[in-house]
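A.B. asks: Just the structure for this:
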Amino acid sequence: MVWVVEALDQYSSLSRYMDGERLTPQDEKDVVNKLLAHHPHSEDKIGCGLDSIMVDRHPQFKHSRCLFVVRTDGGWIDFSYQKCLRAYVRDKYPSYAERFIKEHFKRGSG
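C.D. replies: Numbering: from 1, shown residues only. Model (predicted):
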């Protein structure tokens with residue numbers, strides 16, 4: 001579960017990207033394979049197809065920066081990297097999941 005803690009640190013600080021900027025191909029590959037693949041609603045998030053992943057301000061919570069799926073039809077939707085990681089932990093380590101989540105995740109983040 002070490003990579004989960006590292007991922008929390010890595011994705012909680014998206015400062016190397018400007019608002020509206022798409023992720024580099026390597027970062028996008030990592031996000032799609034290590035995060036989005038585990039989102040409970042990943043198919044709904046991807047919709048008609050994934051064009052790219054970008055970082056931007058949440059439309060409702062302007063102080064919050066988050067990841068967005070940019071779809072092939074030009075639409076986009078936010079997704080929670082923490083929700084992805086929580087789902088991964090619950091799936092892979094069910095007997096340790098809730099304790100690990102309480103220790104390492106912020107409250108109210110999915």
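
A.B. asks: Relative to G20, how far out is the most centrally placed residue in the chain?
C.D. replies: With distances taken as CA atoms, centre = their mean, the residue of the chain nearest its centroid is Y81 (2.2 Å). Applying CB to CB, to the nearest Å, the value for Y81 to G20 is 18 Å. Using the backbone N, CA and C atoms, a C-beta is placed for each residue, glycine as well.

A.B. asks: that older thread, got the contact list for the residue nearest to the centre of the chain?
C.D. replies: A7, Y11, V31, L35, C66, L67 (CB atoms under 8 Å, 6 or more residues apart in numbering).

A.B. asks: I'd like those residues laid out as TSV, including distance to S52, neighbour count and pLDDT.
C.D. replies: What follows is the contacts of Y81, written out as TSV (distance: CB to CB, whole Å; neighbours: other CB atoms under 10 Å; pLDDT from 0 to 100):
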residue	distance to S52	neighbour count	pLDDT
A7	20	19	72
Y11	16	21	65
V31	10	21	91
L35	14	23	91
C66	15	18	88
L67	11	22	93
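
A.B. asks: Let me know the pLDDT of G108.
C.D. replies: At G108, the model reports a pLDDT of 52.

A.B. asks: quick one: which two of the contacts of Y81 are the most distant?
C.D. replies: Greatest spatial distance in those: A7 and C66, 14.6 Å, computed using CB to CB.
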